[in-house]
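> let's see this in three dimensions:
(chains A, B and C)
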Amino acid sequence: MKSLRARDVSFLSEAGHWMYGFIEELYPICRSITGEGVRETLRRIAQHIPIEFHEVPTGIQAFDWTVPMEWNIRDAYIRNGAGERVVDFRKSNLHILNYSIPFRGTVPLETLRKHLFTLPEKPDYIPYRTSYYQQNWGFCVSQRHAETLREAEYEVCIDTELKDGSLTYGECFLQGATDQEVLISCHICHPSLCNDNLSGIALVTWLARHMQGKSLRYSYRFLFIPGTIGAIVWLRSNENITAKIRHGLVIAGVGDPGKPTYKKSRRSNAEIDRTVLHVLRERGSEFSVREFTPYGYDERQYCSPGFDLPMGALSRTPHGTYPEYHTSADDLNLVRPEYLADSLSISLAVIEILEKNSLYTNLCPKCEPQLGKRGIYRAIGGHPDAGKQEMALLWVLNMSDGKHSILDIVERSGMTFTQLREAADLLLENGLLKKFDT
Amino acid sequence: MKSLRARDVSFLSEAGHWMYGFIEELYPICRSITGEGVRETLRRIAQHIPIEFHEVPTGIQAFDWTVPMEWNIRDAYIRNGAGERVVDFRKSNLHILNYSIPFRGTVPLETLRKHLFTLPEKPDYIPYRTSYYQQNWGFCVSQRHAETLREAEYEVCIDTELKDGSLTYGECFLQGATDQEVLISCHICHPSLCNDNLSGIALVTWLARHMQGKSLRYSYRFLFIPGTIGAIVWLRSNENITAKIRHGLVIAGVGDPGKPTYKKSRRSNAEIDRTVLHVLRERGSEFSVREFTPYGYDERQYCSPGFDLPMGALSRTPHGTYPEYHTSADDLNLVRPEYLADSLSISLAVIEILEKNSLYTNLCPKCEPQLGKRGIYRAIGGHPDAGKQEMALLWVLNMSDGKHSILDIVERSGMTFTQLREAADLLLENGLLKKFDT
Amino acid sequence: MKSLRARDVSFLSEAGHWMYGFIEELYPICRSITGEGVRETLRRIAQHIPIEFHEVPTGIQAFDWTVPMEWNIRDAYIRNGAGERVVDFRKSNLHILNYSIPFRGTVPLETLRKHLFTLPEKPDYIPYRTSYYQQNWGFCVSQRHAETLREAEYEVCIDTELKDGSLTYGECFLQGATDQEVLISCHICHPSLCNDNLSGIALVTWLARHMQGKSLRYSYRFLFIPGTIGAIVWLRSNENITAKIRHGLVIAGVGDPGKPTYKKSRRSNAEIDRTVLHVLRERGSEFSVREFTPYGYDERQYCSPGFDLPMGALSRTPHGTYPEYHTSADDLNLVRPEYLADSLSISLAVIEILEKNSLYTNLCPKCEPQLGKRGIYRAIGGHPDAGKQEMALLWVLNMSDGKHSILDIVERSGMTFTQLREAADLLLENGLLKKFDT
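Below is the predicted model of the structure:
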C-alpha cells in the first residue's frame, strides 16, 4: 500500500489535472436520477475502471420508495413572437426544471411566470431545480433574464419523455484479502454542475483506477449512483452486504477552494471518523469537522437508523453554504485541479490508515523486551531522551494488549500513524508482536 | 396539555397577581413545624385545591427522628418597668424564637440578653431563629432594637404550649393516565417570611389548581409539608410510593428578583435535570445551575442515599445568599408578582416537557421514508437547505430507534423541544412512528 | 497514622537535613547495576532500616533479559607521555564509561577519541554514559577537558573486572494490617549523581525508617534496585506478589529546586493517581502532572502491559529536562534539604490518604439522621449556611452508599480529605456509619 500515499507533488498535480480533465469531459452531459445522461456518464467512467451497470426497472419498490419513470430530454425552449429562442436548453441544461413533464403550447407571460424559477438574491445565476416526484413543467432562468421577458404570448416546447424504463447505477468492486468492505459512494444525478458532483465522480474514478491491482486488506466497493433514490435502491438490493461494511465515505463537493470538511457518521466516533480526523489534524492546514445531521448527501440513507453504517462524508465547503451551490455558477471555474488533488490526498491518506490500522499483541508483555540485543535500541545509555523511533517502539509494545489499535496509540501518544506503524512493523519482524486480527 | 404552556403575557400576569394575593393572605399567620398555624395555612390552600390533611401524632418514630410535641403560641412579650411592651409578638411573629418553651418571670437585662437573638451585621432586621429539638426560650429582635434596652428588670411572658398533639401536612393528588408520579414539594413551616416559602406555597397551589381536571400522562402529588421533619415523616409513611416517582421538584424561594436557579438532583443527569436545563436554556434569559449538595431544602431527604429520588430544586436567588434571607426583610416587598409568574412559567414548561417527552420507534427505519408523497416535504428540490420543519422530521426519524427520547434529540440536534415534538406528532399521524412506551 | 502527616516545619526541616546528610555519605560510592558499589550502598541503608539483601546470579533469565556479568572497578586513568594522569577515575567516578570492559594499552589520540564521550553543548560537564549490554571501553570527560588533549600516544588503564557474580538488590518490608501492598521503588544504580537518584534513595530510606513500628493498614514494600534490570528481576521473582499491589510509587529526582511533578500510571485514573493529584492541588503551590508514557524510570516495567500495576512516579523537574541531568553537575549543589523535605511531605500526605481512604456505609440511609440529638449539629436553626463540619457530615452521609470512598466525596464536594475523614470518624463514633471494607 506504500504507493497509495501520495505526498509527491508532481504525482498529485498530475492526478489533479487528470480529474479536472475528466470533469471537463462530463460537464456538458444532462444528467438526472434516471435516463441516458446517467448511462452516458457511466460509460465514460467505464473507460477507466471496471464498472458493473445495474438497471432497476420503473415501479420496483425500495423500502418506502418506488423507482420512478425514466426521464429523457431532447430539447426545450421558450420562443417569443419573433420566433427567437429566449430560453434555450441547448445553451444550458440547467434551464429545464429537471424531470419536467413534456409540454407544448402558447401561453401568456402571466402563466409562464408560474413555471419560471429564478434566484432573485443572485440575479445572474440560473438555479438548479428538480421535480422528481410531483409532475410539473418549468424552466430555470437567471433573475435578470426573467426580467427581460415582456408581456406577450410565448411558445413553450419541452420535448421530454417519461416512460417505463429503469434507474441506472454503476458499481466497481475491488476484491481485497478479506470480505470486509470499504464503501465509497458518490452521486451522479446532477446535470452541468462541477463541484456538485462531477468533482466527487472524478475523484472516486481516479481512486478506483489507482487502487486496481493493488494488494488490499479490505475489499472496496465504489458506487456511482443517483442521489437519494439510488442509495435507497442500492441498500434495498444489498442488505446482505451492509453487514460487511466496516468503513465508508460519501464523496461530494471536493473541488472548490474551501477548506476540507468532514461530516461525522451517525455513530460519531467510528474508526472512519477517528481516521479522517487524524489525517486532517496531521496535515497541519485548516479544516472543519461537523457532527452528523440527518441532512446532506447519501449519508442520510447509509446512516438511517435501520442501517447506521459507519460512513462519514468528505467535502470542501459544505453543501448549501457557498453562493455557487446549485446554480450555473458551479461551473468549470469553481473547481480547480489543486483542490481536487488536495481532496484526493486526504482520501488516499485515510485509506492508507484504514488499511494499516491493526491491533497487535505484545508477545513479551511482562516488562520491556530487551531491544538492544536485537539491534533496535542504541547501545550507549544515559542520554536525556529516547529518539522518536525508540519512543514509537516503546509505545507500541506498551499498548499492544489486543485492545488498542495503532490509531488508539496515535491518540494516546501524540505520535504519528506512520511512526507507530513503522515501529509495529519492526517489532513484527523481530518476533515481538503478532497481529491480533489475522 | 397545550393549555399548560403559558407564554401568554396576560395569563402569566394574572397568575402572578393571584399568587401574590395568596401570599398576602397567608403572610400574617404564625407557622411552625406543628400547630395551628400550619393547619390554618392548609385550610386556606384547601379553598383552592382538594387537600388531604394528615395528622401524625407526637412520638411517632420516623427513621431516626421522632415527631415532636405540638407547639402553639397565644402571645409573647417583654415588658419594661413602665409596663410597656418593648418586644411584642403581636407586632411580628418573628420576635419569638420559634418553638420557644413557655416562660414567665422577671429577669435582669443580663439574663435576658442570653435569650435575645440579633443580627449585628444587618442591624435593622429581625432574624428568624428556631429551637425545635432543644428546649429553650428566646426572642429575636433587630440589633438596633436590642441596643435600646437599658439595664433594668424586664417582665418576660411567653405564652406558648408544647403538648402531645400532632404534626400536620397536606397532600393533593391528581391521577394521571399512569401510576408513575411526579412529586412536587414545598415547605410550609416558616412564619411571616414571604419568599421562604409563601412563594413556593402559592406557586404550588396555583399549579395544582391549574392542572386539576387536565388530561395528564403522569399522576401528580403536591406536598405541603413542614421542612425536614415533614419530608421525613412523609417518606416514612410512603416508602411504597417512592418507587413510582419518576421525577420531582422541590419549590422554594421563587418570588424574589434574582435569576432562576436550578439545583440538580443527586443523580445529576436525571430526566428532570435535563428537562429543567433545557427549559432554562431555551428561554434565553439568565439563570444559574448548581450541582447537588446535601444541604438546602427537602431535597436533602428525597435525595438521601436510601431514596435517591430524581428530584431537583427550583428557586430564584439560592437560599442563604440574599441579605433578606431568614429575616423580617423577607416581606411583601421582596417578592413581586412578575417574579412569581416567571418561576411559574418555568414550572409549566418543565411539566409540559415531562408530559411530552416520549420515545418513539421509526416504523420505516431503513433509509428515509418518502415524506414528499405524504405532503410533508416540499415538492421542488434543489434548495440549499431544508426548512426547520423538514429538519425536525428528519431528526426524529433518524434518532427514533427506541433509545432516544425527544429530549435526547433536542440535545443532539440543537432544535427545540416544541419543534421536535410537533414533528413527532406529524410523523405519528402519518403512520411513520409509533410510541415506544405505550 | 496521625504522626505520618508532616506539616510541622521543624520536623520537615530536620528530615530534609537528615536526607541531605545521607546523600553526602553515599555520594562518593561508584555504583552500577551490579557490583560492590550497590552492595556498599545497601549496607549503608541497612544501618537505618531492616533490609533483606537479594543476590541474583549472572546468567539468570528474567523474561526477555539475562542477568549480566558482575562489574567492579578498582582504577582507571589515561596517562600522557610525561606520566601524568590526564583523566583520572579517582577524581570522578563519572570518568569511566559505566560497565567498561578492562583495557590496557598505549593508543594514539585518534584511537582514544573513539572512546571518549563528551557533551559539546555543555562544555564544562562530564557526561554520565553506560554500556551495560554491549562490550565497550571508554571514558567520559568534559568537552573542555577533551580539547586539552594534544596529538600524542596515551597510556590507557581500565582496571575493571567482568565476572560471573550476581546482581544485588535490597528490599524492606513492613507488615500492615492487611496483605494488600503499597510498593515504593527507587533505583540505586547511578554513581555520583545526587538528584538522580541519591535523592530518591534518601527519601525512601527516611520513609521506611519513619514508618517502622507504625500501625499501618497496608503492608509496605520498599525496593532499592538497579534501574531496568533490577525491576525486571524483581518482577520475575515476585509475580505472585504483584496481584497484592494496590498502589505504588516510583521515587526519583526529588531533591532539585523544580516544582513537583507527578507522572500518572498507565491506568491514568487509579487511586494512586487521584490521591497524588489531590495532595498536589490541596497544597496550593505549583506542580505539574504528566500523562503516562512508556519511557522514564522503572514505571516502564511496572506498567508494562503484562503487569499494568497502579504505579505512578514522583519527581521534581522531570528526568532529562534539566541541564545537570546525567552529568557531573548533578552534584551536592543541585539538591537541597528543603526540596527533599518538600518531596517528602508530598509522599507522607499521599501515604496518609491511601491509609485513610475508606468506603463507608451509611447505617441510616433513609433521610438524614438527626445529628442534633447526638450533639454534632448546632441547636439553634435558621442560620443562612451550615458550618464546614456540618457540611462534611452531610456529604459523608449522603455519599456513603458503599460506592463512594472519601476521595470520591472529596472530588464531588470540593471539601478536603481531612475535613471529610474527620466527619467520617465522628459519624463512626456515633454509630451512623460502618466501614465498607473491613
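
> surely residue A:295 and residue B:393 touch.
No. Contact status for residue A:295 versus residue B:393: not in contact, 10.4 Å apart, counting by Cβ atoms under 8 Å. Where you see a C-beta, it was placed from the backbone N, CA and C, and this is true even at glycine.

> more neighbours: these two, which one.
Ranked by neighbour count (other Cβ atoms under 10 Å in any protein chain shown), residue A:295 and residue B:393 place residue B:393 first, with 27 against 16.

> which SS state does that one fall under?
With DSSP: H, G, I helix; E, B strand; the rest coil as the basis, residue B:393 sits in helix.

> in terms of helices and strands, where is residue A:155?
Following DSSP states H and E, the helix or strand that holds residue A:155 is strand A:153-163.

> now do residue A:412
Using DSSP H and E, residue A:412 falls in helix A:406-413.

> hang on, the earlier thing: which is the succeeding secondary structure element to the strand holding residue A:155?
Moving toward the C-terminus from strand A:153-163, the next helix or strand (DSSP H and E) is strand A:166-174.

> what packs against that next one?
Contact partners of strand A:166-174 among helices and strands, from 3 or more Cβ pairs under 8 Å, 6 or more residues apart in numbering or on different chains; DSSP states H and E: helix A:36-46, strand A:52-57, helix A:200-211, strand A:219-225, helix A:229-237.

> pLDDT on the helix or strand that that strand is followed by, on average?
Going down the chain from strand A:166-174, the next helix or strand is strand A:181-187, by DSSP H and E. Mean pLDDT, strand A:181-187: 98.

> strand A:181-187 versus helix A:200-211: what angle between them?
Between the axis of strand A:181-187 and that of helix A:200-211 there is an angle of 150 degrees, by axes from the mean of the first three to the mean of the last three Cα atoms, to 10 degrees.

> can you list contacts of strand A:181-187?
Applying Cβ atoms under 8 Å, 6 or more residues apart in numbering or on different chains, the external contacts of strand A:181-187 come out as A:197, A:200-201, A:203-204, A:207-208, A:218-227, A:230-231, A:241, A:244-252, A:297-298, A:302, A:309, A:311, A:351, A:354.

> restrict those to those near chain B?
When those are filtered against chain B using Cβ under 8 Å from any Cβ of the partner chain, the residues retained are residue A:231.

> find the residue at the geometric middle of chain A.
Closest residue to the average C-alpha location of chain A: residue A:251 at 1.1 Å, with Cα atoms, centre = their mean.

> mind checking pLDDT for that residue?
Residue A:251 carries a pLDDT value of 98.

> which ones are touching it?
Residue A:251 makes contacts with A:184-186, A:200, A:203-204, A:313-315, A:343, A:347, as judged by Cβ under 8 Å, 6+ apart.

> and stretch A:370-385, what's buried?
A:370-372, A:376-377, A:381-383 (16 or more other Cβ atoms under 10 Å in any protein chain shown).

> quick one on the thing from earlier: separation between the residue nearest to the centre of chain A and residue B:263?
The spacing between residue A:251 and residue B:263, counted by Cβ to Cβ, to the nearest Å, is 49 Å.

> quick revisit: how about the helices and strands packed on strand A:166-174 in JSON lines, adding mean neighbour count, mean pLDDT and distance to residue B:321?
Listed next are these as JSON lines, based on neighbours: other Cβ atoms under 10 Å in any protein chain shown; pLDDT from 0 to 100; distance: least, Cβ to Cβ, whole Å:
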{"stretch": "helix A:36-46", "mean neighbour count": "19", "mean pLDDT": "98", "distance to residue B:321": "69"}
{"stretch": "strand A:52-57", "mean neighbour count": "14", "mean pLDDT": "98", "distance to residue B:321": "68"}
{"stretch": "helix A:200-211", "mean neighbour count": "24", "mean pLDDT": "98", "distance to residue B:321": "58"}
{"stretch": "strand A:219-225", "mean neighbour count": "24", "mean pLDDT": "98", "distance to residue B:321": "62"}
{"stretch": "helix A:229-237", "mean neighbour count": "23", "mean pLDDT": "98", "distance to residue B:321": "57"}
